[in-house]
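Undergrad: Using only what follows, build the 3D model:
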Amino acid sequence: ASHGPAQNFTPAAQARLPLPEGAEFCSIEAPACFSRLLQGQERLPQVLAEHAALLGRYRHFLALPDYHTLSSPGLAEPLPPLLYLARAQQVLSLQALQLALAGEGKAALALLAEDQAGIRRQLAKADQLALKMTLVSMLNRNLEWLVRLHRAGMLPRPALLAPLGPGERSLRFAMQREFLLGTVMLENLRAEDIPSLLEEASLWLDYKPQMTINASLVPYRQV
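TA: Numbers count the residues shown, from 1 in each chain. This is a model prediction of the structure:
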């Protein structure tokens, strides 16, 4: 809060969990990914042990009933760690695979159902466009895992997917924040050192606050 929009504020460095990487984190939508995971199933216990803390935090996130953005829109607004979020879901999916391979299909199905319910809960509340799109991708990945494990005979038949509700489908909150972010950036132009770069006369000719902000919304109409 003590830094202006023009200042490149970077939070103090802090310890982070290792980002999961490796062949086990291939995209399940890719043609050879599932078969490659089955061939390398002996590595699953090691991978799950290495990323147990991340998996625990991910399951905690899925259960949160009130997760939403508290920071003000602007260039310095921190984004959620979306890559960690997506990789954490892959860790959970690998745990479901391990359970299914051990003959515990019901437990694997329950874990994927927990994943799906949590994603849909957060999807309905997401107020950042990047987060909304990431959650949509994660929901798709969850369904891919359900289908592949069921077709392989390792999972009981999943329940029918309930239709997405209005909150899950809506982009209202996410787009409101996008519009506000654009507005804040344009409103801050006069407070910055733009005149020294463009000369004051050029700024007055090219940038008219209210008109420019309204014009910036036009490309969104079709969407």
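
Undergrad: C-alpha only now, for contacts and for neighbours.
TA: OK.

Undergrad: any weak-confidence spans in this protein?
TA: Within the chain, the ranges that satisfy pLDDT under 70 run 1-9, 11, 189-210, 223.

Undergrad: any idea which residue sits dead centre in it?
TA: residue 134 (3.3 Å; Cα atoms, centre = their mean).

Undergrad: Show the contacting residues for it.
TA: 82, 86 (Cα atoms under 8 Å, 6 or more residues apart in numbering).

Undergrad: So which bits of the helix or strand where it lies are buried?
TA: Per DSSP states H and E: residue 134 is located in helix 129-151. Using 16 or more other Cα atoms under 10 Å as the test for burial, helix 129-151 gives 129, 131-132, 134-136, 138-139, 141-142, 145-146, 149-150.

Undergrad: Could I get the residues you listed in JSON lines, plus columns for distance to residue 30?
TA: Shown next, in JSON lines, are the buried residues of helix 129-151 (distance: Cα to Cα, whole Å):
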{"residue": "129", "distance to residue 30": "25"}
{"residue": "131", "distance to residue 30": "23"}
{"residue": "132", "distance to residue 30": "22"}
{"residue": "134", "distance to residue 30": "18"}
{"residue": "135", "distance to residue 30": "19"}
{"residue": "136", "distance to residue 30": "17"}
{"residue": "138", "distance to residue 30": "15"}
{"residue": "139", "distance to residue 30": "16"}
{"residue": "141", "distance to residue 30": "11"}
{"residue": "142", "distance to residue 30": "14"}
{"residue": "145", "distance to residue 30": "12"}
{"residue": "146", "distance to residue 30": "15"}
{"residue": "149", "distance to residue 30": "15"}
{"residue": "150", "distance to residue 30": "17"}
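
Undergrad: If we only consider these, which is nearest to residue 221?
TA: residue 129 (16.3 Å; Cα to Cα).

Undergrad: who's in contact with the closest residue to the closest one other than its chain neighbours?
TA: Nearest residue to residue 129, sequence neighbours excluded (Cα to Cα, 6 or more residues apart in numbering): residue 174, at 4.8 Å. The contact partners of residue 174, by Cα under 8 Å, 6+ apart, come to 126-129, 132.
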